[in-house]
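**Q** Based on what follows, work out the 3D shape:
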Amino acid sequence: QVQLVESGGGLVQAGGSLRLSCAASGGTFSSYCMAWFRQAPGKEREFVAAISWSGGSTSYKDSVKGRFAISRDNVKNTVYLQMNSLKPEDTAGYYCATLSVCYSGNYYYTPSQANYWGQGTQVTVSS
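**A** So this is what the prediction gives:
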């Protein structure tokens, strides 16, 4: 059983930055591909970014490419999401998850391909 705890969300003006963290415990963190998903009110949860177990491969939703960066520290058992040039449409609850599968290339994972989830952290971008 893996426990995931997100932090770093908050209220920021458009054009600002936030760095989300997701600390893992209770499992072999370095053996999992990891992902960030987000869910806005009234919308389905959607893929944002993913990273391979080694950190050597990443994938992103098209609308965040060039603005967001996912990274991981396998010593600290933590995955990060650096979010720059934030837009109001980035407003959502952000969730980290372990992935049950890992693919190369810019693959869009679905929530059904995640097995453990954190409780989420809210990101609100004001215009």
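
**Q** and the residue positioned nearest the centre of the chain, what is it in contact with?
**A** Nearest to the mean C-alpha position of the chain, counting by CA atoms, centre = their mean, stands residue 36 at 2.0 Å. Contacts for residue 36 (CB atoms under 8 Å, 6 or more residues apart in numbering) come out as 20, 22, 48, 49, 50, 70, 79, 81, 94, 95, 96, 97. C-betas here are computed from N, CA, C, even on glycine.

**Q** how about the strands in the protein?
**A** Secondary structure of the chain (DSSP state E): strands at 3-7, 10-13, 18-25, 34-39, 46-51, 58-60, 68-73, 78-83, 92-99, 114-117, 121-126.

**Q** and of these, who's closest to residue 106?
**A** Nearest of these to residue 106, taken as CB to CB: strand 58-60 at 4.5 Å.

**Q** Remind me what the closest one packs against, helices and strands.
**A** Using 3 or more CB pairs under 8 Å, 6 or more residues apart in numbering; DSSP states H and E, the elements in contact with strand 58-60 are strand 46-51, strand 68-73.

**Q** which one of the ones you listed lies closest to residue 14?
**A** Closest approach to residue 14 among the helices and strands packed on strand 58-60 is made by strand 68-73 (14.9 Å; CB to CB).

**Q** Quick check: which ranges of this protein have low pLDDT?
**A** Scanning the chain for pLDDT under 70 picks out no residues.

**Q** hmm, back to that, for residue 127, see how far away the residue nearest to the centre of the chain is.
**A** 23 Å (CB to CB, to the nearest Å).

**Q** same deal with residue 41?
**A** In this view, residue 41 and residue 127 are 16 Å apart by CB to CB.

**Q** And residue 73, by the same measure?
**A** 33 Å.

**Q** Between the two, point out the one with more neighbours.
**A** Using other CB atoms under 10 Å, the more surrounded residue of residue 73 and residue 127 is residue 73, with 13 against 9.

**Q** Residue 88: neighbouring residues, count only.
**A** Neighbours of residue 88 using other CB under 10 Å come to 11.
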